[in-house]
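A.B. asks: coords below, sequence missing:
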């Protein structure tokens, strides 16, 4: 008997980049994730994902609402995108009830209350991200902020990145299926799995030797460390340099561009200007920025 | 009279509602409502101009590269660099955008549109040795069919063996489009939200290993487009001939053209591009494009009325959800005050109308296989066919561009950010004409306006009350079964809407 794990994917104030990134999963492939037993004896039953599901309109809203009623406490809720809250949350709506649009905030609250656990996928869902950037025109909030405001205490894991690497999502899901929900010591203060977000980009950067020698690129395409071109690798936690992107093809710094810090709660406002050198970094001690100015890490 | 409300319209990007009024089985009225406002244009204000290409890519995770190109072109022009971009940079931008668009067209047909025509449950009857199909058969036998049911029922016309083969192609297309993204990543670091395209050029230098890797991934894409994608589109069109006639829409087509073939000035309509800039209609005669005649109306959009029908250089974005008579977050772009459709059909038709010999051959031979006149292009299936031909036209051009790259030659030109400046960046995203307009004051972004393909196509009524292209394409359609309104979703999806783009 194959165990079916129900999963609901709610897209809110998002660009669908997180979903597209997941499509790029190489091993397992997205076909393995949707169709096959992702680990022997377990199949992820993706009940709702508006970008790929066959149905439309009321019948699929019924699936969403039936899942809350019939699979209470059993389903994993994935949220992509931040949650608009301004003007009674009417900057973002999904489906209707009694002929009136239902806000994303209400959808999140209803789905979160019945969930086994919640995965905030991407920097918008995790921390607010791009739509919450100043002046935050739609009053976007992170999933964590909404859950805390509503007093919902379900387990929450943040998988940030703009977008996140598919391995970060797939690895987190596989870890839940194999060993259960993560313990407090498996996550950092920002609720990110340390397995993927435990080290700074800077710690594993192949251009690190240039940094230590003081050889800095002066313009795009130059050899050298990209620090003076605005690289945020010294203050950004993610394993991009080791994991690489798009099936191991390349990564940001591999293309000669500075890291823009997209896995951090500070993205984008405190990570920009993206092409300006970081301010207030004490060098060359790794991680000194956070320990000196934030008292964290 | 009765209403059909479809919310959410799925298998598109983003949050779209379609509402129709049906009388005697025929759609009398249609309303297209974009349901999510983020305000990226407001977020851009006051920032470092160079950050526009990072932030505007986040308008859309499906087509970030096109926003990256549009932002870089608008910055190039604002910074006075349009004619100084090195050949390597122009080519690498084309390769990044081209690989992206070709895979995006494949994604659209197989993963967004195909489930309207292909019955995947026929795989339950599969008896062959294809391991992928047998795993789908296992999946079906376990009984939990999400996300493939529920769905509209009652109009799947392909025989079981064709449904089975199409399902195999659905799965194969997942791999092929992933390879397309690997091609983008070779020159642009990662996808989605690439980093390689910047004002002044690109960040990556061409090297032989990148060129050869790109070339052989391109070969796989071309093989799939030629031997699977185009034949599948023709087969579906053959099985659903009524969809070669419905969903016609406004019949006026506009394309900015895309893929610069030589360095040029700030006015892209004067540039030599792979896809020709221009307008056309059912007569397929070429018409010139004058960018100054593009405006955006907001009378029926949730924005304050004062800036209605302005050119984007003077455009404003002032949300007002309580506005009387408004029903969408999408604005209404118009050209010469008239409704225009944008997209693969428009760029294929405009390039065809301008007599491009390769495009003429592609279109004419596809129509010959369908035994159909050019008028079938203006239909649901016509849009799918144009999209497939657009993919082939781009993919086949990339090999030549790739071999024009010169290792060791520059990819970037240095600049300083001026105190003041204006710029426009016009290109063709997968879904059609994409424009970014920037105004710089005190070295910061003072105003930024984006008019995006689905802004055109999913637009609500304009100041004159004229419905947008998708609305027009639905109006007049006969709905066979109101509880399974296949016609509406098939028409809407033929435009490949992207609502995150449309509203931004």
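C.D. replies: Structure received. Computed from a prediction, not measured in an experiment: that's the story for all the values here.
A.B. asks: From chain B, how far off is residue A:188?
C.D. replies: 22 Å (CB to the nearest CB, to the nearest Å). C-beta: built from backbone N, CA, C; applies to glycine.
A.B. asks: can you check residue A:126 too?
C.D. replies: As judged by CB to the nearest CB, residue A:126 and chain B stand 14 Å apart.
A.B. asks: Correct me if wrong, but that residue is in a helix.
C.D. replies: Yes: assessed with DSSP: H, G, I helix; E, B strand; the rest coil, residue A:126 lies in a helix.
A.B. asks: Check whether it really touches residue A:141, as I assumed.
C.D. replies: No: using CB atoms under 8 Å, residue A:126 is not in contact with residue A:141, being 11.2 Å away.
A.B. asks: all helices for the stretch 51-200 of chain A, in order.
C.D. replies: Counting by DSSP state H, counting those that start in this stretch, the stretch 51-200 of chain A has helices at residues A:58-70, A:86-89, A:104-114, A:122-127, A:143-150, A:166-179, A:194-197.
A.B. asks: lowest-confidence stretch among those?
C.D. replies: Among these, helix A:86-89 carries the lowest mean pLDDT, at a mean of 89.
A.B. asks: tell me how far that one is from the chain's mean position?
C.D. replies: 24 Å (CA atoms, centre = their mean, to the nearest Å).
A.B. asks: in it, what's buried?
C.D. replies: By neighbour count on 16 or more other CB atoms under 10 Å in any protein chain shown, the buried set for helix A:86-89 is A:86, A:87, A:89.
A.B. asks: And whatever residue of the stretch 251-400 of chain B ends up closest to chain A, how close does it get to residue B:426?
C.D. replies: Of all residues in the stretch 251-400 of chain B, residue B:321 sits closest to chain A, at 5.0 Å by CB to the nearest CB. With distances taken as CB to CB, to the nearest Å, residue B:321 is found 31 Å from residue B:426.
A.B. asks: the more surrounded of the two?
C.D. replies: In this view residue B:321 and residue B:426 are compared by other CB atoms under 10 Å in any protein chain shown, and residue B:426 has more residues nearby, 29 against 14.
A.B. asks: Check the burial of residue B:142 by counting its neighbours.
C.D. replies: Around residue B:142 there are 13 residues (other CB under 10 Å).
A.B. asks: near chain A, which residues of the stretch 351-500 of chain B show up?
C.D. replies: Proximity of the stretch 351-500 of chain B to chain A (CB under 8 Å from any CB of the partner chain) is limited to residues B:410, B:411, B:412, B:414, B:489, B:500.
A.B. asks: okay, these in TSV with secondary structure, neighbour count and pLDDT next?
C.D. replies: Below are those laid out as TSV (DSSP: H, G, I helix; E, B strand; the rest coil; neighbours: other CB atoms under 10 Å in any protein chain shown; pLDDT from 0 to 100):
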residue	secondary structure	neighbour count	pLDDT
B:410	coil	15	96
B:411	coil	28	97
B:412	strand	22	97
B:414	coil	12	96
B:489	helix	24	98
B:500	helix	28	98
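A.B. asks: Max pairwise distance over those residues: which two?
C.D. replies: Spatially, the most separated pair among these is B:414 and B:489, at 49.8 Å (CB to CB).
A.B. asks: Nearest to residue B:398, out of the helices of the stretch 51-200 of chain A?
C.D. replies: Going by CB to CB, the one of those nearest residue B:398 is helix A:166-179, 25.3 Å.
A.B. asks: Just the angle for the lengthiest helix in chain B relative to helix A:166-179, thanks.
C.D. replies: Secondary structure of chain B per DSSP state H: the longest helix is helix B:160-188. Here helix B:160-188 runs at an angle of 120 degrees relative to helix A:166-179 (axes from the mean of the first three to the mean of the last three CA atoms, to 10 degrees).
A.B. asks: so does helix B:160-188 get close to chain A?
C.D. replies: Yes: Helix B:160-188 is in contact with chain A by CB under 8 Å from any CB, via B:171, B:174, B:175, B:177, B:178, B:181, B:182, B:184, B:185, B:186, B:187, B:188.
A.B. asks: So the last one is in contact with residue A:256, correct?
C.D. replies: No: using CB under 8 Å, residue B:188 makes no contact with residue A:256, being 10.1 Å away.
A.B. asks: So for those two, which residue has more residues nearby?
C.D. replies: More crowded of residue B:188 and residue A:256, by other CB under 10 Å: residue B:188, with 34 against 26.
A.B. asks: What distance do you get for the more buried one to residue A:263?
C.D. replies: The spacing between residue B:188 and residue A:263, counted by CB to CB, is 19 Å.
A.B. asks: list the contacts for residue 196?
C.D. replies: Picked chain A for this. A:159, A:165, A:167, A:168, A:171, A:172, A:238, A:239 (CB atoms under 8 Å, 6 or more residues apart in numbering or on different chains).
A.B. asks: You answered for a different chain; I wanted chain B.
C.D. replies: So residue B:196 contacts A:255, A:256, A:257, B:92, B:96, B:187, B:188, B:189, B:202, B:203, B:204 (CB under 8 Å, 6+ apart).
A.B. asks: any idea which helix or strand carries the fifth one?
C.D. replies: Residue B:96 is part of helix B:87-107, with elements assigned from DSSP states H and E.
A.B. asks: Quick check: residues of the stretch 101-250 of chain A near chain B?
C.D. replies: Going by CB under 8 Å from any CB, the residues of the stretch 101-250 of chain A near chain B are A:101, A:104, A:130-131, A:133-138, A:140, A:162-163, A:219-221, A:240, A:245-247, A:249-250.
A.B. asks: ok, how many other residues are close to residue 245?
C.D. replies: Unless you meant another one, I'm taking chain A. 27.
A.B. asks: hm, I was asking about chain B
C.D. replies: 15.
A.B. asks: Name the nearest residue to it, ignoring sequence neighbours.
C.D. replies: Nearest non-adjacent residue to residue B:245, counting by CB to CB, 6 or more residues apart in numbering or on different chains: residue B:379, 5.7 Å away.
A.B. asks: is it true that the one you found touches residue B:246?
C.D. replies: Yes: contact criterion CB under 8 Å: residue B:379 and residue B:246 qualify, at 6.3 Å.
A.B. asks: And the two? Which one has more around it.
C.D. replies: residue B:379 (24 against 20).
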